[in-house]
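Colleague: pasting the sequence and the predicted coordinates here, then a few questions.
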Amino acid sequence: MSGETVEKYKAISPAEFFYKYKEIAGFANPARALYQTVRELVENALDATDSHGILPDIKVVIQRADPVQEFYRVTVEDNGIGIPPDIVPNAFGRVLFSSKYVLRQTRGMYGLGVKMAVLYGQMTTGRPIEVITSKREYRRIYFFKIRIDINKNEPVVLERGSWRKQRDWHGTIVSLTIEGDWGKAKARIKEYINRTATVTPYANIVMYTPDNEVTLYKRVIETMPRPPKEVKPHPYGVDLEMLKMIIESGKEPTILEVLVENFQSVGEVTAKDLLSKAGIDPSSNPRNLKEDDLLRLINTMKSYNQFKPPSSSAISPLGVEVIKAGLTRMFEPEFVDAVTRKPSTYEGHPFIVEAGIAYGGKVPLSEADKPILLRYANKIPLLYDEGSDVITSVVKEDIAWDNYMVAFPAQLVLLVHVCSTKVPFKGVGKESIADVPEVRREIKLAISEVARRLRGYLTAKQKELETQRKVVHLAKYIPEIARSLEVIFSGDGFDKGTLVKKLVGIISAKTGIPENKINEVIRGVEIGA
Ligand SMILES: Nc1ncnc2c1ncn2[C@@H]1O[C@H](COP(=O)(O)OP(=O)(O)OP(=O)(O)O)[C@@H](O)[C@H]1O
């Protein structure tokens, strides 16, 4: 007899998987879970508003929910698009259910976040999630209490109801009660809200904390990033499974129509060209094609070099105006500027990198070797795992800051935003971006471009200071010269005042410094004399 133990085989549901491995989604301990819960709810609230062209009004309330135990009730209210009542149970009670599995930039992408918070609530306090929601066109407001059946990965609706709308309200209010650690989480949560507000100057965000603090970020501009549009996949990003799924889920009678209907940049002429290169008859029934045919078609698509690059209408960069307004609202800097790079692509996914700089004014002093770095991906602030992020690596290794007249520590904030239909996150917790060469290159270019503008400003400022110093130096002599000349030429109709005026006029014309400034210096010298 061998001493081997018997292996026990079993399949588990996605809900059970994430319940067991909650750490990979950011729910490692009560402090982290409280932060992650706030984050998931706020990100859903913002996706439901700005991604649909609605100026966001977001209210975040964190309250103690038990006098003894560390239970917290987190409530987030938005004025977004709301959720149809028949969708609510799955949206909050089925892991990997989402409206964001399409090619369109949103903060959410996995269909996991809020369900992780529901699971964590179930595990630690046993309380269900509560949802109140209505869409603009509805006459009623809907209310739900939901938990997740972990074994089946299905929602269990404990309570539901609805009432007539008394006022014109649309949006969603979500409440969850979880075990948390406010003492440990508070700094991160406040920082998260602050950094979110930095890139959403078009939003009203208010937060109530368990310490009875109220923080309000008031809307300062009405301009919003252009909402992202859903796009079809680009042929460079296709693989065998994807093509099979497209064929099976569609009704197109010919392979030619499959290509034309389902991909970007593929019209009839291109589709025919691709099919003839792959040796496939355009009128073939796509469901009768063999795997070899499909593989040949994919390889032809991948090596075809006449497609337009992937459309960038699915991505929604913040834009220069929003970045500048956001940085100004937070830091009241002496100098602010931003750049939005042109769209670029990696592995068939379009992406855009943006960078903003705030310098001087009320900007705090940075660390000894780099600026204060604000990292963002798809408008989400990234707070953890800074060390393993490609943005950090570029800032430290690829940018020679002395070339831009910056010596650390400096009053310098650098904001970098990577947005894409697929940000290459390193984990489902969305805290750091992987080192993809194309993305790295664009990050470097964006930072260099905005840093050059800072250098321009600093150079001009330095020049002005130098000129001013020179003028002070020169102006000091004017009263003395005038006095000496007066001694020599007095009686010849010499007027000291006229000479001073003339000299001031000459210096002003040569340096561009206003006469009143020079007169101030002279007055200073006369008083001192
Ligand atoms: N406040 C809200 N307003 C409108 N829809 C919402 C709101 N909150 C959640 N939803 C809907 O519920 C779905 C599931 O949300 P969930 O947080 O689980 O995942 P996600 O946001 O799609 O992706 P991720 O896991 O990356 O956050 C969303 O895709 C959205 O359709």
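Modeller: In hand now; what should we look at?

Colleague: any idea how far residue 391 is from whichever residue of the stretch 1-150 of the chain sits closest to the ligand?
Modeller: Nearest to the ligand, among the residues of the stretch 1-150 of the chain, is residue 108, at 2.2 Å (CB to the nearest ligand atom). (Glycine included, C-beta is placed from N, CA and C.) Per CB to CB, to the nearest Å, residue 108 is found 21 Å from residue 391.

Colleague: mind listing the helices in the stretch 151-300 of the chain by residue range?
Modeller: 182-198, 240-249, 255-262, 268-278, 291-303 (DSSP state H, counting those that start in this stretch).

Colleague: with the stretch 1-150 of the chain instead?
Modeller: Under DSSP H, counting those that start in this stretch, the stretch 1-150 of the chain gives helices at 14-20, 30-47, 88-93, 113-124.

Colleague: which one of those lies nearest to residue 493?
Modeller: helix 30-47 (76.7 Å; CB to CB).

Colleague: is any part of the closest one close to the ligand?
Modeller: Yes. Using CB under 6 Å from any ligand atom, helix 30-47 comes into contact with the ligand via 40, 44, 45.

Colleague: which ones are touching the spatially most central residue of the chain?
Modeller: Central residue of the chain (CA atoms, centre = their mean): residue 379, 1.6 Å from the mean position. The contact partners of residue 379, by CB atoms under 8 Å, 6 or more residues apart in numbering, come to 46, 50, 107, 199, 200, 225, 316, 318, 417, 419.

Colleague: I'd like the residues of helix 30-47 next to the ligand as TSV, with pLDDT and neighbour count appended.
Modeller: Formatted as TSV, the residues of helix 30-47 next to the ligand follow (pLDDT from 0 to 100; neighbours: other CB atoms under 10 Å):
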residue	pLDDT	neighbour count
40	96	27
44	97	24
45	98	27
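
Colleague: residue 108 and residue 391: who's more crowded?
Modeller: Comparing residue 108 with residue 391 by other CB atoms under 10 Å, the one with more neighbours is residue 391, at 29 against 22.

Colleague: what does the helix or strand where residue 338 lies contact?
Modeller: Residue 338 belongs to strand 335-340 when assigned by DSSP states H and E. Strand 335-340 has contacts (CB under 8 Å, 6+ apart) with 317-320, 323-324, 327-328, 352, 354-361, 415, 446, 449-450, 453-454, 457.

Colleague: narrow these to those in helices?
Modeller: Among these, the ones falling in helices (DSSP state H) are 320, 323, 324, 327, 328, 446, 449, 450, 453, 454, 457.

Colleague: would you mind checking those for buried ones?
Modeller: 323, 324, 327, 328, 446, 449, 450, 453, 454, 457 (16 or more other CB atoms under 10 Å).

Colleague: neighbours of residue 184, how many?
Modeller: 14.

Colleague: from the ligand, how far out is it?
Modeller: Per CB to the nearest ligand atom, to the nearest Å, residue 184 is found 23 Å from the ligand.

Colleague: can you check residue 232 too?
Modeller: 20 Å.

Colleague: give me phi/psi at that residue?
Modeller: Backbone torsions for residue 232, taken as degrees, to the nearest 10, come to phi -80, psi 160.
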